[in-house]
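# what follows is a predicted protein model with its sequence.
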Amino acid sequence: MIKANKSHEASFRDPSGYMFYDGDTLRRVINPIYFSQYKELTQSGFFKTLIKNKLLIPHEETSVSEDKIIITPEKIPFITNPYEWGFEQFKQAALLTLKIQKFALSKGFILKDASAYNVTFHKGKPIFIDTLSFDFYEEGTPWRAYKQFITHFFGPLVLAKYHGADVFDMLQAYIDGIPVKMISSMLPAKTKLSSVLYPNIHLLAKMENKHSEDYKAETKIAKLSKKAQENIISSLYNYISKLSLKESSEWGDYYTKTNYNEGAFKTKKELIRDWVQPLNVESLIDIGGNDGTFARTVQDIVKDIIVTDIDRNAVDFNYKQLLENKEDNMLPFVCDVLQPAPGIGFNNTERSSLIHRLKEYSPDVTMALALIHHITLSGNVPFEKSAAFFSKFSKYLIIEFPTREDSWVESLLVRKREFINHFDFYNESNFELGYTSYFELLKKERVAGTKRIMYLFKNKEYGS
Amino acid sequence: MNFLYFDPGLGAMIVQAVVAVAAGVLLFSKNAVYKLKSFFGLTKDDDGYDSIDIDEEDTDESNDKSE
């Protein structure tokens, strides 16, 4: 018996249906208003083709009755939001949306919305997750989701080209996409000469402005042939495929900038593997995990891995690596530990906060390597507070503590200048004191050839 | 009419006619340039991105064949 114990907080905008939790399982209700679409999409083999090509999340039909159809989509362990993606991820999510729209058109359907939240990353690839986003194509009508595609995907990507990929953070403030007028105003004047950017952004902004006071919806909408719509989609697809960031990526040097030698690097990798293996874990998060170098040392023994970093270039590089190696159990995304993604949208719950999602994901192991000195010395976060943060979602915690003698720590301390004495608390024993208020210390080992100590902790709240 | 649950933006609906013309001209000219280039053997390999088109081969049939 299916029992709806809680509706999904993000699922209220579309009257076609909604999502709910049946215990831990997320299911989707389809309302009668959408029955004809759903049946046609299923019977024509449309869903099947998309699912087979790994473009749409697979689902099973769970129950059918006169007043509702329930389907159960494949479970996605961790949902990332558009403002947490690197440039390449964002680009691929946009291309996926266009690809699906083009295919839908050819089969007599359309994407009725083009929200970036319809896409997330699963098994190493972008995937469309809103099964009810399709509708019948009506001959001659323009694409209703066109503006949404521009504000959710095209605009942010073009802005990223000129201002860097951190402009994606703006999507935290604009859940409905960056306003066209703002996109237009942020682009350099020369983009008005572009045959793609002028019509799709500047002219669009102008037209939107001109028609914003058509309160009675009286203006007639011109017809648009299917071929014309296909041209719009293909032209956007071509343009986005060739988009790249203006800023040069600095990731290449990350690990040449470390202050210890290759031997120590290897020792650290082996230590992590030795500690993780006997725990027999299924999921792991590496916070501040850079391009995933250390997470990859346990990739074959952990089923599901997520890797976050504050540096979008590192996240991007990680994503490119996993595409190249066809890795399907790692998910990179952007996160600033000192300011994790908040809950946004209606009720502050439409897109849940990072902490909320991490609690749900509840990783067996949390890794925080070369991170605590940044949290403590750059963010001024006391040990007890950072320990409390990690304890919210971690069972086991592998954390690296660079001592005061470590050159990175030294440099961070020196930069405090006359306030350096305020940070006398930064030492091994205070660190342990802070962390043991939430965690039980299991293992501790100095990494030979470095001024760093590795710790393995177990959450006190987590049963033995 | 299909039901709408968000405002598609009137300007955005109208502007598509212009966008489509610009896109059509661009695609046509790119295609022409490509044909010219390939005639002279100047084409490069693609950029590594998938084509926009989706593979529609039916899995059931191909499964049958392999049996």
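On my side now, so go ahead.
# okay, now the unreliable bits of the chain?
Defaulting to chain A. A:1-5, A:214-219, A:247-260, A:463-464 (pLDDT under 70).
# that's the wrong chain, I meant chain B
B:1-5, B:44-48, B:57-67.
# enumerate the residues of it near chain A.
Applying CB under 8 Å from any CB of the partner chain, we find that chain B lies next to chain A at B:1-6, B:8-27, B:30, B:47, B:49-50, B:52-56, B:59. The C-beta positions use only the backbone N, C-alpha and C, and glycine is treated the same way.
# 6 Å instead, please
Residues of chain B found near chain A (CB under 6 Å from any CB of the partner chain) are B:2, B:5, B:8-20, B:22-24, B:26-27, B:49, B:52, B:54, B:56, B:59.
# show me chain A divided up by domain.
A:6-73, A:82-241, A:251-459 (automatic domain parsing).
# for residue B:35, which of those is the nearest?
domain A:82-241 (15.8 Å; CB to CB).
# quick check: residue A:325 vs chain B, distance?
15 Å (CB to the nearest CB, to the nearest Å).
# in the sheet, who's paired with residue A:308?
residue A:287, residue A:333 (DSSP bridges).
# skipping adjacent residues, who's closest to residue 8 in space?
This is for chain A. With sequence-adjacent residues excluded and distances taken as CB to CB, 6 or more residues apart in numbering or on different chains, residue A:8 is closest to residue A:19, at 3.8 Å.
# you looked at the wrong chain, it should be chain B
residue A:144 (4.1 Å).
# please confirm that the one you found is located within a helix.
No. Using DSSP: H, G, I helix; E, B strand; the rest coil, the secondary structure at residue A:144 is coil, not a helix.
# run a quick neighbour tally on it.
23 (other CB atoms under 10 Å in any protein chain shown).
# show me what from chain A comes close to chain B.
So far as CB under 6 Å from any CB goes, chain A lies against chain B at A:14-15, A:49, A:52-53, A:99, A:102-103, A:135, A:142, A:144, A:146-147, A:195, A:199-200, A:203-204, A:207-208, A:211, A:214, A:219, A:221-222, A:224, A:228, A:231-232, A:235, A:237, A:241.
# quick revisit: surely the residue nearest to residue B:8 meets residue B:9?
No. Applying CB atoms under 6 Å as the test, residue A:144 and residue B:9 come out as separate, 9.0 Å apart.
# deepest of the domains of chain A, which one?
Stretch with highest mean neighbour count among the domains of chain A: domain A:82-241 (a mean of 20; mean count of other CB atoms under 10 Å in any protein chain shown).
# end to end on that one, go ahead and measure it.
Domain A:82-241 has an end-to-end distance of 18 Å (criterion: CA to CA, to the nearest Å).
# what's the distance between it and the middle of its chain?
With CA atoms, centre = their mean, to the nearest Å as the basis, domain A:82-241 stands 19 Å off its chain's centre.
# with stretch A:392-400 instead?
Worked out by CA atoms, centre = their mean, stretch A:392-400 lies 21 Å from the chain centre.
# quick one: contacts of stretch A:117-134?
A:16-17, A:41, A:55-57, A:59, A:76, A:79-80, A:92-93, A:96, A:100, A:109, A:111-113, A:322, A:327-328, A:331 (CB atoms under 6 Å, 6 or more residues apart in numbering or on different chains).
# need the longest helix for chain B.
In chain B, with assignment by DSSP state H, the single longest helix is helix B:10-39.
# correction: chain A
Longest helix in chain A, counting by DSSP H: helix A:87-106.
# how far away is the closest residue to residue A:153 other than its chain neighbours from residue A:11?
By the measure of CB to CB, 6+ apart, the closest residue to residue A:153 outside its immediate chain neighbours is residue A:94, 3.9 Å from it. Distance check for residue A:94 against residue A:11: by CB to CB, to the nearest Å, it reads 23 Å.
# measure the nearest residue to residue A:82 once chain neighbours are set aside to chain B for me?
In this structure, residue A:82 finds its nearest non-sequential neighbour in residue A:116, 4.0 Å apart by CB to CB, 6+ apart. Computed as CB to the nearest CB, the residue A:116 to chain B distance reads 14 Å.
# again with residue A:264
36 Å.
# am I right that that residue is in a helix?
Yes. Judged by three-state DSSP, residue A:264 forms part of a helix.
# and the closest residue to it other than its chain neighbours, which helix or strand is it part of?
Excluding the flanking residues, the one nearest residue A:264 by CB to CB, 6+ apart is residue A:449, at 3.6 Å. Element membership of residue A:449, judged by DSSP states H and E, is empty: it is in no helix or strand.
# before we move on, the earlier item: relative to residue A:101, how far out is the residue nearest to residue A:153?
From residue A:94 to residue A:101 the distance is 11 Å (CB to CB).
# could you do residue A:377 as well?
48 Å.
# quick one: contacts for residue A:245?
Residue A:245 neighbours (CB under 6 Å, 6+ apart): residue A:87.
# next up, phi/psi of it, please.
phi -80, psi 140 (degrees, to the nearest 10).
# strands along the stretch 351-464 of chain A, start to end?
A:365-368, A:396-402, A:439-447, A:452-459 (DSSP state E, counting those that start in this stretch).
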